[in-house]
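K.L.:
Structure here, sequence nowhere to be found:
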C-alpha cells in the first residue's frame, strides 16, 4: 500500500521526536553540569584569593643602608612579589628579610626583575643565612599544622626548593592542617625584663628531654616567685577565703551565685555520698550509668529548652568531645577570635577546616560565610567571653546561621545561672530558644561543681553517646556531682533573690571602678576586667591587693594577647556591700599608687 507524503512525514516525526527530546535533555544536563562545575571553580578560586589576601608576610628590603618595608602574599624558590610604596629599576641588587613568624627570620640577596606601581618583582640570588634551612624546618615543625594551604605552599616551596606543590601534595603531607589562632599552653621561654612568659622550643639541639624539662622548670620556678598564679587557698569557696591563715575578700571566683557553699546544695551532696559513695567506678557504657545521670541529663535538656543532653567529665571535655566528634573533613568551623581555648582545641582535634572571624564582627563573619559557601558551615561562639566579659551578638549570629544554612554551636558556660529567665542562660536572654543547634555548658561556674554537658537534638546527642571518645573512654561523673548540680538547679529556680543580688553586686562594683577611672574594657556581665597592659605589673598589683586583704586574679598570656594583661574580677551573689566597699577603697589606693586610673 502506497503511503501519502503527509503520512510519511508524520510517521518520521513520531520516530524522531523522542530521540530529539532525549538529546535535548542530555544537552541541558551537560550544560547544567558545566555551569555547576564553573561555579564550584569560581568559589574555590574565591576561597584561594581570600586566603592569599589574609596571609601577609612582612618584608624588609635593604638598599644602600635604606630600609623599605612591605609585604608579600606568597614565596617560591625563585622569588616573590613585594607590595611597597617605592619603585626600583630592573637589575637593582638588594637584600631582603622576611618573617613567617618571630622564630623564623631569614635574610636573602635578590635582584629586581620588574617594577610597577606599589609592587616589585624580585628574583633570589643568594640566601645569606647559613642556618636558613634549620630555621624554616624548626618553624615548620611548630607551625605547619596551623597554616592554610597558601602558607604551606610558600613554606614548602622554600623548604624543599622544588616546583610549587599541588594541593594533593600538601594534603598528603598534612593530614590535619588547620588555622588555629589561639596560643598554645605548651612551650615557655626564660623570663625577660617585662616579666612575661614567652613561647620557645622546649627541646633545643643536642639537649636531652630530661635536661630540657629541668632547664625549663628552673625558669618557671624563678618566674612563679614573682607572680600570683596558683596561690594555695586554705578554705572553701565563698565570698571570703583563707590564704596562709589570712582572711581575704574573694573577687575572682566563678561561683557566681555562691552555691558551692550553700547549705541546701551541701546537704544534697552529703546525702548522695551516703547512698552512692564517692565514685562511679567505670565509664557509662559499662557499669557507670546511674539513675542520677539520667535525671540530670533530662533536667539539663529542659533547662536549655533542648531535646536531650549528654554529660562529660569537664566543660573542656564537653567542647572538645562535641566538636571533634560531630564535625569532620568537609566542614568549615568559623570561630570568634576570642572564643575559649577549649573551643579552639576541639576544632584542632577535628579534621575540619577552621577559620577565625574578628571578635563580634558580624560583617567579617558574613564575609566568611560567603567565601566558604560550598562547604558545610559551623558557627562556634561563646555567649559571654571569658576574659572580656562582653556578650556575643547572638541575635545577629542566629540570623546569619539561618540565612547561610550554617549550624550554630554556643558555649553558654558564663551565661548559665546569670542571664535569662531563672538563669537559663543566653538563649533565654536573647529569646533565641529553638534557634541554636548545639549548646555546651559547664558545672564549674554557677552550678557549684565540676563537669560539663552538651545539649541538642535527640539525634545529635545519641550520635555523641555512641561516637564521642571523650564520653566513651572515661569514668562517668560521680553521683555526688550529679546530686550537687540537681540541687543547684533547684535552688536557682526556687530562690528568686540570688540572681538580682548578683546583678546588684556586679553593677555596684563596676560603677565604683568606673568612677575612679579604671579601664574596664567592653564588659557588660559578671566578668569585669581591669585592663593594666603589662603582665608583670598586673601580677604586682594583684600581690599588692592581696596584702591589703583582697584576692584578685591577674591574667596574661596565653589567655590574652601581649600588652592586654588584666585583673579579672568576678563578684558573686554572696559578696556583702561592706566587703565591696572595702575592696573599692583598696582599689582606689592601689590605682593611685600604680598610676592605673585616669
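P.N.:
The structure has been received and is ready for your questions. Being a predicted model, the structure only gives us computed values, none of them experimental.
K.L.:
helix or strand for the nearest residue to residue 264 once chain neighbours are set aside, which one?
P.N.:
Sequence neighbours aside, residue 491 is the residue nearest to residue 264 in space, at 5.5 Å (criterion: C-beta to C-beta, 6 or more residues apart in numbering). In short, each C-beta sits where N, CA and C put it, glycine included. Using DSSP states H and E, residue 491 sits in helix 479-494.
K.L.:
And residue 27, by the same measure?
P.N.:
For residue 27, the element it lies in under DSSP H and E is helix 5-54.
K.L.:
Whichever helix or strand comes after that helix - what's its average pLDDT?
P.N.:
Sequence order places strand 57-63 as the next helix or strand after helix 5-54, per DSSP H and E. Strand 57-63 shows a mean pLDDT of 76.
K.L.:
Check stretch 443-453 too.
P.N.:
pLDDT averaged over stretch 443-453 gives 95.
K.L.:
neighbours around the residue nearest to residue 264, how many?
P.N.:
Per other C-beta atoms under 10 Å, the neighbour tally for residue 491 reads 18.
K.L.:
do residue 71 as well
P.N.:
With other C-beta under 10 Å as criterion, residue 71 counts 13.
K.L.:
Just to be sure, it is in a helix?
P.N.:
No: counting by DSSP: H, G, I helix; E, B strand; the rest coil, residue 71 falls outside a helix, being strand.
K.L.:
which ones are touching the residue nearest to residue 264?
P.N.:
Residues near residue 491 by C-beta atoms under 8 Å, 6 or more residues apart in numbering: 257, 259, 262, 264-265, 498.
K.L.:
Can you say which of those residues are buried?
P.N.:
Buried members of the contacts of residue 491, counted by 16 or more other C-beta atoms under 10 Å: 257, 259, 262, 265, 498.
K.L.:
surely the second one meets residue 446?
P.N.:
Yes: in this structure, residue 259 is within contact of residue 446 by C-beta atoms under 8 Å, at 7.0 Å.
K.L.:
Tell me the residues that contact both of those two, please.
P.N.:
Contact criterion C-beta under 8 Å, 6+ apart; residues shared by residue 259 and residue 446: 488, 492.
K.L.:
ok, back up a step: can you pick out the ones from the contacts of residue 491 that are in helices?
P.N.:
264-265, 498 (DSSP state H).
K.L.:
can I get those in JSON lines with pLDDT and distance to residue 573?
P.N.:
Compiled in JSON lines, the ones in helices among the contacts of residue 491 are given as follows (pLDDT from 0 to 100; distance: C-beta to C-beta, whole Å):
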{"residue": "264", "pLDDT": "96", "distance to residue 573": "14"}
{"residue": "265", "pLDDT": "96", "distance to residue 573": "13"}
{"residue": "498", "pLDDT": "94", "distance to residue 573": "5"}
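K.L.:
Report the contact partners of residue 92.
P.N.:
63, 111-112.
K.L.:
So which of those residues is surrounded by the most neighbours?
P.N.:
Result: residue 112 is most packed of the contacts of residue 92 (other C-beta under 10 Å), 21 neighbours.
K.L.:
I'd say that one and residue 122 touch.
P.N.:
Yes: at 6.1 Å, residue 112 counts as touching residue 122 under the criterion of C-beta under 8 Å.
K.L.:
what's the overlap in contacts for those two?
P.N.:
With C-beta under 8 Å, 6+ apart as the test, residue 112 and residue 122 both reach residue 94.
K.L.:
picking that back up, can you tell me which of the ones in helices among the contacts of residue 491 is nearest residue 236?
P.N.:
residue 265 (12.0 Å; C-beta to C-beta).
K.L.:
Check what pLDDT the nearest residue to the closest one once chain neighbours are set aside gets.
P.N.:
The shortest distance from residue 265 to any non-neighbouring residue, by C-beta to C-beta, 6+ apart, is to residue 487 (4.6 Å). Among the per-residue scores, residue 487 shows a pLDDT of 96.
K.L.:
what's the pLDDT at residue 128?
P.N.:
60.
K.L.:
Closest to residue 425 out of the buried ones among the contacts of residue 491?
P.N.:
Here the nearest of those to residue 425, counting by C-beta to C-beta, is residue 257; it sits at 13.2 Å.
K.L.:
need the contact list for the closest one.
P.N.:
417, 423, 446, 448, 488, 491-492, 498-499, 502, 572-574.
K.L.:
Kindly indicate the member of those with the most neighbours.
P.N.:
Going by other C-beta under 10 Å, residue 446 tops the contacts of residue 257 with 31 neighbours.
K.L.:
From residue 404, how far out is that one?
P.N.:
32 Å (C-beta to C-beta, to the nearest Å).
K.L.:
Also residue 342?
P.N.:
25 Å.
K.L.:
who has more neighbours, those two?
P.N.:
A direct count of neighbours by other C-beta under 10 Å for residue 342 and residue 404 places residue 342 higher, at 24 against 17.
K.L.:
give me the element that one is part of.
P.N.:
Applying DSSP H and E, one finds residue 342 within helix 341-349.
K.L.:
avg pLDDT for that helix?
P.N.:
91.
K.L.:
so where's this protein shaky on pLDDT?
P.N.:
1-22, 36, 40, 43-57, 73-78, 98-107, 127-206, 225 (pLDDT under 70).
K.L.:
What is the burial count for the closest residue to residue 272 other than its chain neighbours?
P.N.:
Nearest-residue entry for residue 272: residue 483, 3.4 Å, with adjacent residues in sequence omitted and distances by C-beta to C-beta, 6+ apart. Residue 483 has 25 neighbouring residues, counting by other C-beta under 10 Å.
K.L.:
Show the contacting residues for residue 483.
P.N.:
268-269, 271-272, 276, 292.
K.L.:
With residue 576 instead?
P.N.:
residue 239.
K.L.:
about what we covered before: quick one: which of the contacts of residue 491 is nearest residue 353?
P.N.:
For these, the minimum distance to residue 353 (C-beta to C-beta) is 39.2 Å, reached by residue 257.
K.L.:
quick one: that closest one from residue 405, how far?
P.N.:
Separation of residue 257 from residue 405 (C-beta to C-beta): 38 Å.
K.L.:
now swap in residue 328 and tell me
P.N.:
For residue 328 relative to residue 405 (C-beta to C-beta), the value is 18 Å.
K.L.:
Can you point out the buried residues in the helix holding residue 491?
P.N.:
479-489, 491-492.
K.L.:
Equivalent analysis for stretch 343-357, please.
P.N.:
Of the residues in stretch 343-357, those buried (16+ other C-beta under 10 Å) are 343-350, 352-357.
K.L.:
Stretch 324-340 too?
P.N.:
In stretch 324-340, counting by 16+ other C-beta under 10 Å, buried: 324-327, 331-336, 338-340.
K.L.:
Between all of these, which two are separated the most?
P.N.:
Longest span within those, C-beta to C-beta: 325 and 338, 24.1 Å.
K.L.:
Just the residues contacting stretch 449-457, thanks.
P.N.:
Against stretch 449-457 from outside (C-beta under 8 Å, 6+ apart): 260, 297, 300-301, 304, 306-319, 321-322, 413, 437-444, 461, 464, 477, 481, 484-485, 488.
K.L.:
ChimeraX command for the buried members of those residues?
P.N.:
Applying 16+ other C-beta under 10 Å to the contacts of stretch 449-457, the buried members can be selected in ChimeraX as follows:
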select :260,297,300,301,304,306,308,309,310,311,312,313,314,315,316,317,318,319,321,322,413,437,438,439,440,441,442,443,444,461,464,477,481,484,485,488
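K.L.:
Sort out which of the contacts of stretch 449-457 are in strands and list them.
P.N.:
308-312, 438-442 (DSSP state E).
K.L.:
Including distance to residue 224, could those go into a markdown table?
P.N.:
Formatted as a markdown table, the ones in strands among the contacts of stretch 449-457 follow (distance: C-beta to C-beta, whole Å):
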| residue | distance to residue 224 |
| --- | --- |
| 308 | 44 |
| 309 | 39 |
| 310 | 38 |
| 311 | 35 |
| 312 | 31 |
| 438 | 38 |
| 439 | 37 |
| 440 | 32 |
| 441 | 32 |
| 442 | 27 |
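K.L.:
Good, we can wrap up now.
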